[in-house]
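**Student:** generate a structure from the sequence data that follows.
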Amino acid sequence: MIVERAEEILTRTSMGHQNVAIVGFLKRLNSQVEAGVVGGAEVLKEITEDDRDHYRTVEQTINESLLASSTTVLSTTGAGDLQVAIDALSDGDVLEVDTDATYDPVVIPGDVAMVIRAASGRTPTITGQYGIGFADGARDVVISGLTIDGCSTGNVNCRGSSVGLAEDMARVENVILHKLTISNTSNGSAVVFSPNWSSYVEPLAESQFSRRVSIVECSFLKASKDHIEGASIVFRNCEDAYVKNCRIDVDEENGRGIVMTYVKNSLIDGCEVENANGNGEGIKIDSIGGQTYLNTVMIMNNFVTNTVEGIDVDDFSKALVINNLVTAADDEGICVDDSGEAVVIGNTCYGCDVGIRAEAGSVADIRGNTCFGNRVNFRIQNGDELDPSNSTDPAGRFVPVAPKVAFVPKTPSDWDGQVNTISDALNELASRVKALEP
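**Tutor:** Next up, the predicted model:
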């Protein structure tokens with residue numbers, strides 16, 4: 001169930017001062033799901049078909065890719081040499097780029113698993129139109145440590161200037177972008193996984209969705225410009241999209257941080273988004289007015305500041321918005337629009353025009369949030385009464401509950417199970433924390 005995955009994510013984050021209370025709210029909502037109660041509980045029912053193991057697998061895959069021995073080392077600096085090296089890779093090869101050179105844009109071929117990574121201490125750069133493109137059928141690809149600077153696009157709403165799909169209607173699977181530095185986009189959106197080049201509005205059949213595309217620990221600066229429905233990161237017609245621990249400084253008029261449209265079972269976790277001005281939302285979930293597919297997204301543990309709207313659950317979208325901090329929004333810190341549905345729990349909003357807003361027609365279960373120092377702290381326009389668990393007192397935020405019994409392992413015999421790696425230790429610690437929760 002989604003509650004179990006939310007618990008797991010919360011126990012692993014450093015922004016968890018409200019975790020025990022949040023999990024309590026989620027468990028109560030889950031009991032309402034089982035009892036058939038509609039309203040906010042209904043949102044949880046929609047976000048249950050996810051693959052919990054996917055997110056753990058991403059972290060494991062990154063670690064393995066960084067530790068794996070290279071099969072090819074690129075040490076030449078010709079503009080086209082990176083593409084030549086990529087074309088020569090066989091399934092499962094690891095290409096290490098041991099230069100500080102600037103290369104032309106590249107295309108990742110279909111149906112060839114590969115790792116492309118910068119050598120330690122190196123900063124290879126890609127520049128030009130369509131920096132990294134993925135061909136149809138690309139799968140099991142990890143790209144780590146590259147810089148993508150000053151790229152452009154010929155289709156500002158449907159193709160990424162820095163990273164995107166190299167073919168119209170392309171579909172990719174199990175792609176990980178890790179520790180990329182993406183900056184100074186000339187136009188459009190930096191990263192766009194959107195298969196339909198002729199329309200950014202039209203939803204596609206689920207069989208055409210890309211799956212399991214992850215963007216982890218990447219940095220964006222001035223990476224969103226001159227588009228209609230774009231952002232530094234854009235997902236459309238995707239399932240299991242994952243954005244984790246990314247740092248996004250939009251720093252552009254009419255720019256946005258992260259936009260997801262027609263996505264299923266996706267997660268935005270632990271990101272920092274700032275300086276989305278003009279028409280800018282920090283994080284926007286939107287079906288652009290269409291009901292063909294309902295977005296289902298978890299938005300957790302993010303920090304969003306200096307935007308027009310912080311977090312926007314827009315048309316025909318369902319979201320869990322949990323444990324985020326939003327400040328200095330010109331309009332709303334968190335908004336559930338008229339056809340949106342959201343569970344909004346344990347968030348903090350201050351210094352905004354409106355802290356949290358539920359528009360008329362929305363379905364919003366709003367509990368345990370703290371809004372203070374806003375012109376209006378809570379604006380509930382959908383006919384609901386504000387739950388008394390919400391607060392306007394910053395001192396009223398939830399605080400962690402001390403463990404009943406301290407656990408300080410000193411020898412291997414102190415653990416319940418076999419512990420050979422840091423990951424094993426963290427997993428056991430997480431299980432112990434969960435066992436102590438009410």
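**Student:** ok, the spatially closest residue to N323 that is not a sequence neighbour to F316 distance?
**Tutor:** In space, and not counting its chain neighbours, N323 is closest to G346: 4.7 Å by C-beta to C-beta, 6 or more residues apart in numbering. Every C-beta, even on glycine, is put in place using the N, C-alpha and C of the backbone. Plainly put, G346 is 25 Å away from F316 if you go by C-beta to C-beta, to the nearest Å.
**Student:** count the neighbours of E359 for me.
**Tutor:** 18 (other C-beta atoms under 10 Å).
**Student:** wait, it touches Q381, no?
**Tutor:** Yes - judged on C-beta atoms under 8 Å, E359 makes contact with Q381 at a distance of 5.5 Å.
**Student:** strands paired with the helix or strand where V243 lies, and their directions?
**Tutor:** Element membership of V243, judged by DSSP states H and E, is strand 242-244. Strand 242-244 has its sheet partners listed here by DSSP bridges as strand 210-216 (parallel), strand 266-269 (parallel).
**Student:** need the residues that contact that strand.
**Tutor:** 54-55, 58, 212-217, 233, 258, 266-271 (C-beta atoms under 8 Å, 6 or more residues apart in numbering).
**Student:** ok, of those, which come out buried?
**Tutor:** 54-55, 58, 212-217, 233, 258, 266-271 (16 or more other C-beta atoms under 10 Å).
**Student:** coming back round to it: from what I can see the residue nearest to N323 touches G368, true?
**Tutor:** Yes - between G346 and G368 there is a contact at 4.9 Å, judged by C-beta under 8 Å.
**Student:** those two: which has the busier surroundings?
**Tutor:** G346 (28 against 22).
**Student:** still on that earlier bit, what mean pLDDT would you report for the strand holding V243?
**Tutor:** Confidence over strand 242-244 (mean pLDDT, whole number) is 94.
**Student:** ok, how many other residues are close to K179?
**Tutor:** 18.
**Student:** now S152
**Tutor:** S152, neighbours per other C-beta under 10 Å, totals 18.
**Student:** how close does it get to G310?
**Tutor:** 29 Å.
**Student:** show me where the stretch 301-438 of the chain has its strands.
**Tutor:** Remark: strands assigned in the stretch 301-438 of the chain by DSSP state E, counting those that start in this stretch are 303-313, 317-322, 325-329, 332-336, 341-345, 348-350, 354-358, 363-367, 370-372, 376-380.
**Student:** excluding its backbone neighbours, what's nearest G333?
**Tutor:** In space, G333 is closest to C349, 3.3 Å off (C-beta to C-beta, 6+ apart).
**Student:** per-residue confidence for the one you found?
**Tutor:** As predicted, C349 sits at a pLDDT of 95.
**Student:** and for K27?
**Tutor:** Per-residue pLDDT puts K27 at 59.
**Student:** likewise Q18?
**Tutor:** 48.
**Student:** please parse the chain into its domains.
**Tutor:** Per the record, the chain has its domains at 1-48+317-401, 51-264, 404-438, by automatic domain parsing.
**Student:** average pLDDT across the last one?
**Tutor:** Spelled out, that is domain 404-438. What domain 404-438 shows for mean pLDDT is 54.
**Student:** check stretch 192-204 too.
**Tutor:** Averaged over stretch 192-204, pLDDT sits at 85.
**Student:** gap between that stretch and the chain center?
**Tutor:** 19 Å (C-alpha atoms, centre = their mean, to the nearest Å).
**Student:** now the end-to-end length of that stretch.
**Tutor:** 16 Å (C-alpha to C-alpha, to the nearest Å).
**Student:** and that stretch, what's buried?
**Tutor:** By 16+ other C-beta under 10 Å, the buried positions in stretch 192-204 come out as 192-197, 200-201, 203-204.
**Student:** so of those, which ones are in strands?
**Tutor:** Using DSSP state E, the members of the buried residues of stretch 192-204 that fall in strands are 192-193.
**Student:** what's the closest of the buried residues of stretch 192-204 to N174?
**Tutor:** F193 (12.7 Å; C-beta to C-beta).
**Student:** is E309 in a bridge, and if so with what?
**Tutor:** E281.
**Student:** let me fix that, I meant to ask about T327.
**Tutor:** T305, Y350.
**Student:** what about the closest residue to D104 other than its chain neighbours, how many residues nearby?
**Tutor:** Among residues not flanking D104 along the chain, A79 sits closest, at 4.7 Å (C-beta to C-beta, 6+ apart). Using other C-beta under 10 Å, A79 has 13 other residues around it.
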